[in-house]
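> Next one to model:
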Amino acid sequence: QAPLAGEMSGHFFFKERWFGFDDGMYAAARLLEILAADSRSPAEILAELPKAESTPELKVEMKEGETHSFVEKFQSQVDFEGATIHTLDGVRAEFEDGFGLLRASNTTPVLVLRFEGTDKAALSRIQQQFRKAMLAIEPGLKLPF
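Below you'll find the predicted structure:
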């Protein structure tokens with residue numbers, strides 16, 4: 001029910017009128033509209049947003065043609081206790097205190113990963129679970145986390 005959502009990639013989503021945009025000017029105008037309609041100050045509104053630790057987009061280089069098969073193996077073998085697994089466009093493991101995402105880039109021969117946790121300990125634990133699962137499939141991977 002949030003009036004506005006966004007991704008680190010710069011995609012914005014609004015509750016009404018338009019669903020997904022890469023238009024920064026439109027997103028800025030809509031954000032100002034949403035803030036102006038609220039009686040609280042922008043600082044009060046932003047203070048209510050959840051805090052989280054997150055990584056930037058992480059990339060793991062692979063040979064051409066190997067990324068999608070790696071993700072398929074990962075998807076079939078992964079078993080993260082307590083996580084809900086989503087397999088649309090890769091593997092997203094949702095934990096109570098964060099998530100990990102692994103997907104194959106559609107434009108370059110890289111695996112793309114993102115991690116988020118409610119705190120640094122959660123972020124590290126989720127990353128280590130992905131690290132262990134990925135290295136079990138391909139021990140020679142050079143992981144940036």
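> Quick check: the nearest residue in space to residue 34 that is not next to it in sequence vs residue 115, distance?
Setting aside the residues directly before and after it, residue 34 is nearest to residue 3 in space (C-beta to C-beta, 6 or more residues apart in numbering), at 5.1 Å. In short, each C-beta sits where N, CA and C put it, glycine included. Applying C-beta to C-beta, to the nearest Å, one obtains 26 Å for the distance of residue 3 from residue 115.
> Tell me which of the two has more neighbours.
Comparing residue 3 with residue 115 by neighbour count (other C-beta atoms under 10 Å), the higher total belongs to residue 115, at 24 against 15.
> Wait, the more buried one touches residue 128, no?
No - with the criterion set as C-beta atoms under 8 Å, residue 115 and residue 128 do not qualify as a contacting pair; they are 10.2 Å apart.
> how many neighbours does the closest residue to residue 5 other than its chain neighbours have?
In space, and not counting its chain neighbours, residue 5 is closest to residue 13: 4.5 Å by C-beta to C-beta, 6+ apart. The tally of other residues near residue 13 (other C-beta under 10 Å) stands at 15.
> Could you list the low-pLDDT ranges of this structure?
18-22 (pLDDT under 70).
> Counting by contacts, list what the longest helix anywhere in it packs against.
Criterion DSSP state H: the longest helix present in the chain is helix 120-137. Judged by 3 or more C-beta pairs under 8 Å, 6 or more residues apart in numbering; DSSP states H and E, helix 120-137 is in contact with strand 53-54, helix 67-77, strand 91-95, strand 98-104, strand 110-117.
> re earlier: what does the residue nearest to residue 5 show for phi and psi?
The phi and psi values for residue 13, taken as degrees, to the nearest 10, are phi -130, psi 140.
> How much space separates it from residue 51?
With distances taken as C-beta to C-beta, residue 13 is found 21 Å from residue 51.
> How about residue 107?
32 Å.
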